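Participant: next comes the sequence, and after it the predicted model I'd like to discuss.
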Amino acid sequence: MSPYDSDPAADRLVTAAADGEDQAVEAALRPKQLDEFIGQERVREQLSLVLQAARRRGTAPDHVLLSGPPGLGKTTLSMIIAAELGAPIRITSGPAIQHAGDLAAILSSLTEGEVLFLDEIHRMSRPAEEMLYMAMEDFRVDVIVGKGPGATAIPLELPPFTLVGATTRAGLLPPPLRDRFGFTGHMEFYAPAELQRVVHRSAALLDVEIDPAGAAEIAGRSRGTPRIANRLLRRVRDYAQVRHDGQVTREIAAQALQVYEVDARGLDRLDRAVLDALLRLFGGGPVGLSTLAVAVGEESETVEEVAEPFLVREGLLARTPRGRIATAAAWQHLGLTPPVQAAGPRTSTQSALFPDDPVV
Ligand SMILES: Nc1ncnc2c1ncn2[C@@H]1O[C@H](COP(=O)(O)OP(=O)(O)OP(=O)(O)O)[C@@H](O)[C@H]1O
């Protein structure tokens, strides 16, 4: 059985989803104020204006939607919003709200000005979503009492509150819901220099001695994601403390992450297995997804959903109608030489992927 069988991404050091250990330590590492929050300059500036204006007017700010991949700081930002407003925060998620009644119970217990953080808002049930429209716009919900023809709607006034919705899939939100947010912040992957600052900050909080080159080494392998940076830092700390004197330098970080099979670009064993098969067995492709999956001994879904998105994002692999193709960067990354092109006109895909190759 493959190690990825149950939850394909569960045991990966480089998954952006939170694991149990992350949840336990993340609270301590979360920035508490907007000016402690690293990167995401545009979202931070825009949000700061929204919050300052609301504070000046003495009203609850518009509802906020935060969109972007996991682990980039949406939950952290929602907590900062509440802290900046001096308001309490209630945290729940779309999958936890399956019935409109679940949402009514939460909404009716909110206090004035409270922040409601609704993670994975795109996964709420339809009836709950419809109830949320009215709550967001009019601070009112209709609670349905009874069933069938005798059912009656009892209007319930709500105190003004601020909804902070988070989603990894803004495109999946129905337009009526999206339109009810006054501000939408799109979170981007972090630049290596920003992640280096995240690593430094977390190292200080965890009491780990690290030099700038050590932090840069971890940052470069963190796939643009603070959650991964913090997780890799903890594994490097283990290595530094067990095998050395606890100090983290570039060399120690690189050695540690080699033990954990996370390479210089942030690829792990599965990512490299996919690339390796694509290059060595299929000459760089094109090869069909299912053939590639068999070659690495994984399910097609695992290859497609777990490994490929990062490989595509990194420009190492391309999905084309004829199958998966490795790019020039993939050959370079694995230190292999691409086969000599057969004579004949290059396809447009080849030209796009290997712009520097001599035309034969
Ligand atoms: N800008 C940042 N500066 C410093 N640390 C950050 C930043 N963004 C995120 N982190 C750290 O990364 C971890 C993950 O962040 P968070 O839980 O807010 O991500 P998320 O986008 O809500 O993820 P998910 O979508 O999985 O809920 C936190 O421990 C937090 O400390």
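Facilitator: Structure received. Numbers count the residues shown, from 1 in each chain.

Participant: residue 314 - how many residues pack around it?
Facilitator: Residue 314: 18 surrounding residues under other Cβ atoms under 10 Å. C-beta: built from backbone N, CA, C; applies to glycine.

Participant: what's near enough to touch it?
Facilitator: Contact analysis of residue 314 by Cβ atoms under 8 Å, 6 or more residues apart in numbering lists 265-267, 329.

Participant: between these, identify the one with the most neighbours.
Facilitator: Sorting the contacts of residue 314 by how many neighbours each has (other Cβ under 10 Å) puts residue 267 first, at 24 neighbours.

Participant: of the contacts of residue 314, which are in range of the ligand?
Facilitator: Applying Cβ under 6 Å from any ligand atom, the subset of those adjacent to the ligand is empty.

Participant: all helices of the stretch 101-250 of the chain, in order?
Facilitator: All helices of the stretch 101-250 of the chain, identified by DSSP state H, counting those that start in this stretch, fall at 126-138, 175-178, 192-205, 212-220, 226-243, 250-259.

Participant: mind listing what's buried along the second one?
Facilitator: In terms of neighbour count (16 or more other Cβ atoms under 10 Å), helix 175-178 has its buried residues at 177-178.

Participant: and it, what other elements does it pack with?
Facilitator: Helices and strands touching helix 175-178, as assessed by 3 or more Cβ pairs under 8 Å, 6 or more residues apart in numbering; DSSP states H and E, comprise helix 126-138.

Participant: got the CA positions of stretch 40-51 in CSV?
Facilitator: The C-alpha trace of stretch 40-51 is given here as CSV (Å, rounded to 0.1, in the frame of the first residue of the first chain):
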residue,chain,number,x,y,z
GLN,A,40,0.9,40.4,1.4
GLU,A,41,1.6,44.2,1.3
ARG,A,42,-1.4,45.0,-0.9
VAL,A,43,-4.0,43.1,1.2
ARG,A,44,-2.4,44.5,4.4
GLU,A,45,-2.6,48.1,3.2
GLN,A,46,-6.2,47.8,1.9
LEU,A,47,-7.3,46.0,5.1
SER,A,48,-5.6,48.5,7.3
LEU,A,49,-7.7,51.3,5.6
VAL,A,50,-10.9,49.4,6.0
LEU,A,51,-10.2,48.8,9.7
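
Participant: for it, the averaged confidence score.
Facilitator: Mean per-residue pLDDT for stretch 40-51: 94.

Participant: got the residues of this protein near the ligand?
Facilitator: Residues of the chain lying close to the ligand by Cβ under 6 Å from any ligand atom are 17-18, 26, 29-31, 37-39, 70-76, 119, 198, 226-227, 230.

Participant: pull out the buried residues from the residues you listed.
Facilitator: Using 16+ other Cβ under 10 Å as the burial test, those include 26, 29-31, 37-39, 70-76, 119, 198, 226-227, 230 as buried.

Participant: mind checking which of those are in strands?
Facilitator: Among those, the residues falling in strands (DSSP state E) are residue 119.

Participant: count the residues that sit near the nearest residue to residue 12 once chain neighbours are set aside.
Facilitator: Setting aside the residues directly before and after it, residue 12 is nearest to residue 268 in space (Cβ to Cβ, 6 or more residues apart in numbering), at 5.9 Å. By other Cβ under 10 Å, 21 other residues sit near residue 268.

Participant: residue 268 reaches residue 14, doesn't it?
Facilitator: Yes. The pair residue 268 and residue 14 passes the contact test of Cβ atoms under 8 Å, sitting 4.9 Å apart.

Participant: ok, residue 129 to the ligand distance?
Facilitator: With distances taken as Cβ to the nearest ligand atom, to the nearest Å, residue 129 is found 19 Å from the ligand.

Participant: isn't that residue up against residue 174?
Facilitator: Yes. At 7.0 Å, residue 129 counts as touching residue 174 under the criterion of Cβ under 8 Å.

Participant: what about those two, which has more around it?
Facilitator: Shown here are residue 129 and residue 174; by other Cβ under 10 Å, residue 129 has more neighbours (19 against 12).

Participant: pick out the residue of the protein closest to the ligand.
Facilitator: For the chain and the ligand, the shortest gap (Cβ to the nearest ligand atom) falls at residue 73, measuring 2.6 Å.

Participant: got the contact list for that residue?
Facilitator: By Cβ under 8 Å, 6+ apart, the contact set of residue 73 is 37, 40, 187, 226.

Participant: likewise for residue 183?
Facilitator: When contacts are counted by Cβ under 8 Å, 6+ apart, residue 183 touches 46-47, 50, 61-65.

Participant: number of nearby residues for residue 182?
Facilitator: 14.

Participant: try residue 331
Facilitator: 18.

Participant: check residue 48 too.
Facilitator: 13.

Participant: list the contacts for the closest residue to it other than its chain neighbours?
Facilitator: Closest residue to residue 48 apart from its sequence neighbours, by Cβ to Cβ, 6+ apart: residue 34 at 5.7 Å. Residues near residue 34 by Cβ under 8 Å, 6+ apart: 44, 47-48, 51, 80, 84.

Participant: rewinding a little: out of the helices of the stretch 101-250 of the chain, flag the one nearest residue 338.
Facilitator: Nearest to residue 338 among these is helix 212-220 (24.8 Å), distances taken as Cβ to Cβ.

Participant: buried ones in that closest one?
Facilitator: Neighbour-count burial for helix 212-220, with 16+ other Cβ under 10 Å as criterion, is recorded at 214-220.

Participant: pLDDT weak spots in this structure?
Facilitator: Counting by pLDDT under 70, the chain has low-confidence residues at 1-11, 341-360.

Participant: what is residue 144 paired to in the beta sheet?
Facilitator: With DSSP bridges as the criterion, residue 144 is bridged to residue 153.
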